[in-house]
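> How does the following fold in three dimensions:
(one chain, ligands or ions: 1)
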Amino acid sequence: MRTLMMSLAVATSLMACSGGEEPAATAPEAASTAEAAPAAEAAPEAAPEPAEVVAAFDAKGEFEKTCAACHGTSGLGDGVAAAALNPKPASFAEAVFWETRTPESLHAVIKSGGAANGKSPLMAPYGGMYDDEQITLLVSYISDTWKPAS
Ligand code: HEC
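A predicted model of the protein is given here:
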């Protein structure tokens, strides 16, 4: 589609400068088309964003999709599945919670699960699902969203 439009633009510009240049020198290939159609390229929906959108990790979205069933979208440990849990997940919004936790301890529980960290085995290990960087972003999301200002 875009290629077609640029070819048309090149064809049009060729016709516009009737016969001045050799046709072989202005074949509708990449480098020359980019220069030949500046107006089309200036469109605001230009190129770079799709790759960045894919690369960005949406910690909030992941939390709500994967964690909120137990932890709640509120972070209070009151997700729909939490009623069946004993112990229930602690509230991330309590100051007392943060007195005994660190970013490292949260990271460890998310990565290797509750059982490996002296907590409920119903907190599964997510190290196979998220890499360290993504877990760090989940920890930041939890902390930034719920940790009370001290
Ligand atoms: C099936 C329910 C369930 C799901 C889903 C779940 N958790 Fe948990 N989570 C728990 C339980 C239960 C505990 C541990 C409670 C205990 O032993 O004190 C826990 C503990 C934690 C802790 C440690 C809290 C503390 O007390 O130090 C963190 C951090 C955590 N979960 C984050 C997550 C994240 C992030 C996700 C999603 C990727 C997630 N959890 C998904 C149930 C769940």
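> Please count neighbours and contacts with C-alpha atoms only from this point.
Noted.
> I'd like to know which residues of this structure are adjacent to the ligand.
For the chain, the residues found near the ligand under the criterion Cα under 6 Å from any ligand atom are 63, 66-67, 69-70, 85, 87-90, 101, 106, 109-110, 114, 119-120, 122-123, 138.
> Make a PyMOL selection of the buried ones in those residues.
A single PyMOL command selects the buried members of those (16 or more other Cα atoms under 10 Å):
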select buried, resi 63+67+69+70+88+89+106+109+110+114+120+123+138
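> Which of the residues of the chain next to the ligand fall within helices?
By the criterion of DSSP state H, membership of the residues of the chain next to the ligand in helices covers Ala69, Cys70, Leu106, Val109, Ile110, Leu138.
> Determine which two of those are furthest apart.
Among those, the pair separated by the greatest distance (Cα to Cα) is Ala69 and Leu106, at 17.8 Å.
> Can you add pLDDT and give the ones in helices among the residues of the chain next to the ligand back as JSON lines?
Formatted as JSON lines, these follow (pLDDT from 0 to 100):
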{"residue": "Ala69", "pLDDT": "98"}
{"residue": "Cys70", "pLDDT": "98"}
{"residue": "Leu106", "pLDDT": "98"}
{"residue": "Val109", "pLDDT": "98"}
{"residue": "Ile110", "pLDDT": "98"}
{"residue": "Leu138", "pLDDT": "98"}
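> Excluding residues flanking it in the chain, which one is nearest Ala59?
With sequence-adjacent residues excluded and distances taken as Cα to Cα, 6 or more residues apart in numbering, Ala59 is closest to Leu138, at 5.3 Å.
> what sits against the one you found?
Applying Cα atoms under 8 Å, 6 or more residues apart in numbering to Leu138 gives the contacts Ala59, Lys60, Phe63.
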